[in-house]
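A.B. asks: Next comes the sequence, and after it the predicted model I'd like to discuss.
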Amino acid sequence: MPRPKSDSRDKIVDSARKLLRRQGYHATGLAQVIEDSGAPRGSLYFLFPGGKEELAVAGVRECIGEWADLIRQAREASPTPEEWIALMCTGFADQLRDSDFTEGCPITTVVLDSVPASAPLTTACRDAYSAWLTALAEGLVSYGIEQERADDLAMLMLVCLEGAMVLCRAFQSTDPMERVIPQVLALIENRS
């Protein structure tokens with residue numbers, strides 16, 4: 001039976017998610033999560049008896065809906081695919097800039113750090129990417145692209161966005177994200 005949500009749980013998961021996004025799985029310690037969240041140490045061990053791995057899975061799972069919702073909200077606010085792509089990429093670029101390029105994709109750092117060594121984290125990361133691919137494909141279909149092509153384009157878009165976020169962090173610049181926009185649009189416009 002799932003544990004009821006609590007204020008301490010939300011604080012702990014939010015802190016874990018933020019720290020995992022910045023520094024990955026191995027560099028994020030439970031003591032650091034406790035300090036950042038302000039939650040009592042006992043709460044962490046009570047709420048996450050599986051320890052760091054269970055907490056990291058919870059942090060990854062929090063990101064699934066959050067980013068899928070961002071993709072869908074950008075789609076709903078955009079009458080054209082051009083505006084949709086630009087709005088998404090601008091949003092990602094703003095997040096990077098606002099964090100001084102310390103926070104990229106909330107899943108990438110975990111994937112690079114712990115997959116496939118941890119089966120639960122591998123599953124959670126795969127679920128996150130699958131949800132984002134679905135949201136991207138749904139957006140493309142809503143612009144009149146056939147489902148099979150939309151699925152392929154969604155994969156390519158996610159690869160471009162993920163790569164751009166990594167490069168933005170490396171170059172400490174949003175230029176890679178800005179340069180991806182016209183390339184992704186060119187792929188979408190070529191509907192063959």
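C.D. replies: Arrived safely, thanks for sending.

A.B. asks: Show the low-confidence segments of this structure, by residue range.
C.D. replies: Applying pLDDT under 70 to the chain flags residues 1-6, 191-192.

A.B. asks: residue ranges of the helices in it, please?
C.D. replies: 7-23, 30-37, 41-47, 51-76, 81-98, 108-114, 119-142, 147-171, 175-189 (DSSP state H).

A.B. asks: Not counting the fifth one itself, show me its contacts.
C.D. replies: In this case it means helix 81-98. For helix 81-98, contacts defined as Cβ atoms under 8 Å, 6 or more residues apart in numbering pick out 70-71, 74-75, 77-78, 103-104, 139-140, 143, 157, 161, 164-165, 168-169, 174, 177-178, 180-181, 184-185, 188. For glycine as for every other residue, the C-beta is placed from the backbone atoms N, C-alpha and C.

A.B. asks: what's around the residue nearest to residue 181 when sequence neighbours are not counted, how many residues?
C.D. replies: Take residue 181 and drop its neighbours on the chain: the residue closest to it by Cβ to Cβ, 6 or more residues apart in numbering is residue 89, 5.0 Å away. Neighbour count of residue 89, defined by other Cβ atoms under 10 Å: 24.

A.B. asks: Tell me the spacing between residue 89 and residue 117.
C.D. replies: 32 Å (Cβ to Cβ, to the nearest Å).

A.B. asks: same question, residue 166
C.D. replies: Distance, residue 166 to residue 117, by Cβ to Cβ: 20 Å.

A.B. asks: These two: which is more packed in?
C.D. replies: Using other Cβ under 10 Å, the more surrounded residue of residue 166 and residue 117 is residue 166, with 16 against 11.
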